[in-house]
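Trainee: Sharing a model prediction with you, sequence too.
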Amino acid sequence: MISVLADIATTPNQGFWGGYGSDGYRILFAIHILAIIAAFGPLFTSRMLNHQAIKRTGEDARVFAAIPMAVTNRISMPAFIVAVIAGLGLVGASKDLYKFSQAWVSYAFSLVLVVALVYYFLLRPAQKRLVAAVQTGTPEEHATDAAIRSAKVTGAAATGLIHLCMVGLVLLMVWKPGL
Ligand code: HEM
């Protein structure tokens, strides 16, 4: 890989879409990284907001629990899709350096799929259940409510899994095994 990068470093720029290091490539790279920050950053606050929701009741509790759901649906997931599209664009824009047949790209696809499935089948339903459950009962009742406990545990587990995938993806992108 080092020799490929050295060749690229000494090759004159071949235009906007001139492969690795071209302006087009760099713009996609910037979009990729910015979208990753927007996608994963907000997830770090959701557990804290859920905890605050459980300590409240009625409309107050609903608002606290609804924020992580809205942020995940409207910011994290759209940004994640942008990051993946930009990642695919980077493979294409790198010309012959990165290929879809390389192992690290296949592993990245698998982890992206895990994130999407965990989000859709675990995180989203758990957060919906939490929003509904915290609106009734007192904060003391919330502490022992089985529905709240199950939604909280599932949501926390799903967030943990997504974070593990994020760490795996970053390591994959940095080391690129199979390149
Ligand atoms: C299938 C989806 C993805 C593909 C095909 C992909 C592809 C790429 C490519 C081609 C690069 C440029 C590497 C370079 O120029 O050195 C890159 C960089 C990077 N990607 Fe992705 N990416 C994907 C998803 C993700 C996701 C979801 C994350 C975050 C969790 C991520 C994190 C990163 C990071 C941190 C870098 C910078 C690595 C470096 O500079 O060495 N990527 N990605």
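Mentor: Right, received. Where do you want to start?

Trainee: ok, the residue of the chain found nearest the ligand - contacts?
Mentor: Nearest residue of the chain to the ligand, counting by CB to the nearest ligand atom: Gly87, 2.5 Å away. Backbone N, C-alpha and C define where each C-beta goes, glycine included. Residues in contact with Gly87 (CB atoms under 8 Å, 6 or more residues apart in numbering) are His32, Ala108.

Trainee: For whichever helix or strand it is part of, list the C-alpha coordinates in CSV.
Mentor: For Gly87, the enclosing helix or strand under DSSP states H and E is helix 77-93. Output of helix 77-93 as CSV, limited to C-alpha atoms (Å, rounded to 0.1, in the frame of the first residue of the first chain):
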residue,chain,number,x,y,z
MET,A,77,-29.7,8.1,10.6
PRO,A,78,-29.8,10.5,7.7
ALA,A,79,-26.2,11.5,8.5
PHE,A,80,-25.2,7.9,8.7
ILE,A,81,-26.7,7.3,5.2
VAL,A,82,-24.8,10.3,3.9
ALA,A,83,-21.6,8.9,5.5
VAL,A,84,-22.1,5.5,3.8
ILE,A,85,-22.9,7.1,0.4
ALA,A,86,-19.8,9.3,0.7
GLY,A,87,-17.7,6.2,1.7
LEU,A,88,-18.9,4.4,-1.4
GLY,A,89,-18.1,7.5,-3.4
LEU,A,90,-14.6,7.5,-2.0
VAL,A,91,-14.0,3.9,-3.1
GLY,A,92,-15.1,4.9,-6.6
ALA,A,93,-13.3,8.3,-6.6
